[in-house]
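J.: Build me a model from this:
(2 chains, ligands or ions: 1)
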Amino acid sequence: MAAPEVLREETTTPAPEPYLGPAERHPRQPLVPLALSPGAVELTAPVFGAADVSPLDADLTRQHPGEPIGERVTVSGRVVDGRGRPVRGQLVEVWQANAAGRYTHRLDRHPAPLDPNFTGTGRCLTDDEGRYRFTTIRPGAYPVFPHANVWRPPHVHFSLFGTAFTQRLVTQMYFPGDPLLAHDGVWHSVADPAARRRLVAAYDPGLNDPAAATLGYRWDIVLDGPAATRSEEGRH
Amino acid sequence: MPSSRATPSQTIGPFYGTALPFPGGGDVAPTGHPDAITVHGRVLDGEGVPVPDALLEFWQAAPDGSLTGSPGSLHRDGARFTGFARVPTTGDGHYALRTLPPPEGAPYLALCLFVRGLPRHLFTRVYFRLPEDDALLAALAPERRDTMLAAPEPGGHRTYRFDVRLQGDAETVFLSPTRPFP
Ligand SMILES: [Fe+3]
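T.: Predicted coordinates for the structure are as follows:
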């Protein structure tokens, strides 16, 4: 299910400059295709397990004695490869701002309050169907360059592993219907509008968790890379 | 062709430090292992300025050649070799890793590099000796090839230097899994 309200906003607002980071950090030489090297280390991946992650790590609302401030949400979805096969038992890591838009990171100078009951980092392993699930707080928006009036829409940073090191993915998940998206250069660093929309979660009442008093958001992730496309490469 | 349904990448941003680095992230070699080597260096931008907010991940074969890895990277017990390392750069752009030398059949560390601002991470390799039968290396000019070669540190005990240059004359060779940059 796409988020139609995002489409509407895109057509009424001029797109912002895509944020591509400092120019002096961009390589200039063409990338060398890994396909030159079959049997490469990069076609396998590290593994994680019970030694790495405790089930409690997936609940960001239970890391401190008190309740964090903000709207309680469940964020869940499936991690699959390019052929739709579930990525099982792999590590998913998240980090995010608190409900006021402030990270616990010492370099975050946004003058919004820290929440003593919220750190904003979580981990879990995908289950046999490739599913992950976090209980957390909906993050707030925050200004990146306050003087330039540049704000980030609420988002959750995600880090994922697949079955090949080349499937490694770090990205950001957004919430549906957010008016800040149309102004966000980071979101627009993905040039393809359809691909960009795949970063927006969907509200899914079926994921609401009455016991945890959360609203549910579904966000599925498709990992790219040679593990997903190896047989296609042979057809060139 | 990359999958058209693939979830796109987004910059790692400036605040991953509370979530991704973990204690002992660079200690892949079992404690006290006699074969342990140290690999260290700096990440530099196109102006030669150290990059203080990069994150490096290494993945490699075990000494016996196996690529199955082992759980336990995030809470190391000092005994298991997991094959995976994660180290952030320090304020002066430096990183260090303690690991075991990769085996002959898979003679390099795969390196995935995240840099604040870059919309997508970068892949490269750390070789300790350039093998002659490597198709990927054979396709490169010698001076490009050498950017993936760690140099034994003079005077250092089992210590190698590996700098990553994001741009410029000695730009490191970066590898594409499926699609062009970014
Ligand atoms: Fe952020």
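
J.: how far away is the residue lying closest to A:Ala100 once chain neighbours are set aside from A:Tyr142?
T.: Nearest in space to A:Ala100, with sequence neighbours left out and distances taken as CB to CB, 6 or more residues apart in numbering or on different chains, is A:Ala112 at 3.9 Å. No exception for glycine: its C-beta is placed from N, CA and C like everyone else's. With distances taken as CB to CB, to the nearest Å, A:Ala112 is found 7 Å from A:Tyr142.

J.: Same question for A:Pro55.
T.: To A:Tyr142, A:Pro55 is 30 Å away according to CB to CB.

J.: From the neighbour counts alone, determine which of these two ranks first.
T.: Higher neighbour count among A:Pro55 and A:Tyr142: A:Tyr142, with 21 against 9, using other CB atoms under 10 Å in any protein chain shown.

J.: Which residue is the nearest non-sequential neighbour of that one?
T.: A:Gly101 (3.5 Å).

J.: check which helix or strand covers the one you found.
T.: Following DSSP states H and E, one finds A:Gly101 outside all helices and strands.

J.: Could I get the contacting residues of it?
T.: Counting by CB atoms under 8 Å, 6 or more residues apart in numbering or on different chains, A:Gly101 touches A:His110, A:Ala112, A:Pro139, A:Gly140, A:Ala141, A:Tyr142, A:Pro154.

J.: Checking the second one next. Helix, strand or coil?
T.: Three-state secondary structure (criterion: DSSP: H, G, I helix; E, B strand; the rest coil) places A:Ala112 in coil.

J.: Show the contacting residues for it.
T.: If a contact means CB under 8 Å, 6+ apart, then A:Ala112 has A:Asn98, A:Ala100, A:Gly101, A:Arg102, A:Gly140, A:Tyr142 as its contacts.

J.: I'd like the distance between it and A:Ala191.
T.: Applying CB to CB, the value for A:Ala112 to A:Ala191 is 31 Å.

J.: most centrally placed residue in chain B?
T.: Closest residue to the average C-alpha location of chain B: B:Leu111 at 2.9 Å, with CA atoms, centre = their mean.

J.: helix/strand/coil for that one?
T.: For B:Leu111, the secondary-structure state derived from three-state DSSP is strand.

J.: If it is in a bridge, with which residues?
T.: Using DSSP bridges, the bridge partners assigned to B:Leu111 are B:Phe58, B:Thr124.

J.: hmm, back to that, least confident pick among the contacts of A:Gly101?
T.: The lowest pLDDT within the contacts of A:Gly101 belongs to A:His110, with 92.

J.: Test my guess that that residue contacts A:Ala141.
T.: No - the criterion here is CB atoms under 8 Å, and A:His110 misses it with A:Ala141 at 10.1 Å.

J.: now for the helix or strand of chain B with the lowest mean pLDDT, which elements pack on it?
T.: The helix or strand of chain B with the lowest confidence, counting by mean pLDDT, DSSP states H and E, is helix B:135-138 at a mean of 90. Here helix B:135-138 touches no other helix or strand, going by 3 or more CB pairs under 8 Å, 6 or more residues apart in numbering or on different chains; DSSP states H and E.

J.: mind listing what's buried in it?
T.: B:Leu136, B:Leu137 (16 or more other CB atoms under 10 Å in any protein chain shown).

J.: same thing with stretch A:35-50?
T.: Neighbour counts over stretch A:35-50 (16+ other CB under 10 Å) mark A:Ala35, A:Ser37, A:Ala40, A:Val41, A:Glu42, A:Leu43, A:Thr44, A:Ala45, A:Pro46, A:Val47, A:Phe48 as buried.

J.: and the second one, what does it touch?
T.: Taking CB under 8 Å, 6+ apart, we find A:Ser37 in contact with B:Asp134, B:Ala135, B:Leu136.

J.: which residue sits closest to the second one, ignoring its sequence neighbours?
T.: For B:Ala135, ignoring the flanking residues on the chain, the nearest one in space by CB to CB, 6+ apart is A:Leu36 at 4.8 Å.

J.: Would you agree the one you found is in contact with B:Leu140?
T.: No - using CB under 8 Å, A:Leu36 is not in contact with B:Leu140, being 9.5 Å away.

J.: from chain A, which residue is nearest to chain B?
T.: With CB to the nearest CB as the measure, A:Gly21 is the residue of chain A nearest to chain B, at 2.3 Å.

J.: For that residue, give its distance to B:Leu136.
T.: As judged by CB to CB, A:Gly21 and B:Leu136 stand 27 Å apart.

J.: and if you look at A:His183?
T.: Taking CB to CB, one finds A:His183 at 42 Å from B:Leu136.

J.: Please enumerate the strands of chain A.
T.: Secondary structure of chain A by DSSP state E: the strands cover A:32-33, A:72-81, A:91-96, A:121-125, A:131-137, A:142-145, A:150-152, A:155-160, A:169-174, A:202-203, A:215-218, A:221-223.

J.: what's the closest of those strands to B:Val49?
T.: B:Val49 lies closest to strand A:142-145 among those, at 20.4 Å (CB to CB).

J.: about what we covered before: can you list the neighbours in contact with the least confident helix or strand of chain B?
T.: Contacts for helix B:135-138 (CB under 8 Å, 6+ apart): A:Val32, A:Leu34, A:Leu36, A:Ser37, A:Ala40, B:Tyr127, B:Leu130, B:Pro131, B:Arg145, B:Met148, B:Leu175.

J.: That's all I had, so thanks and see you.
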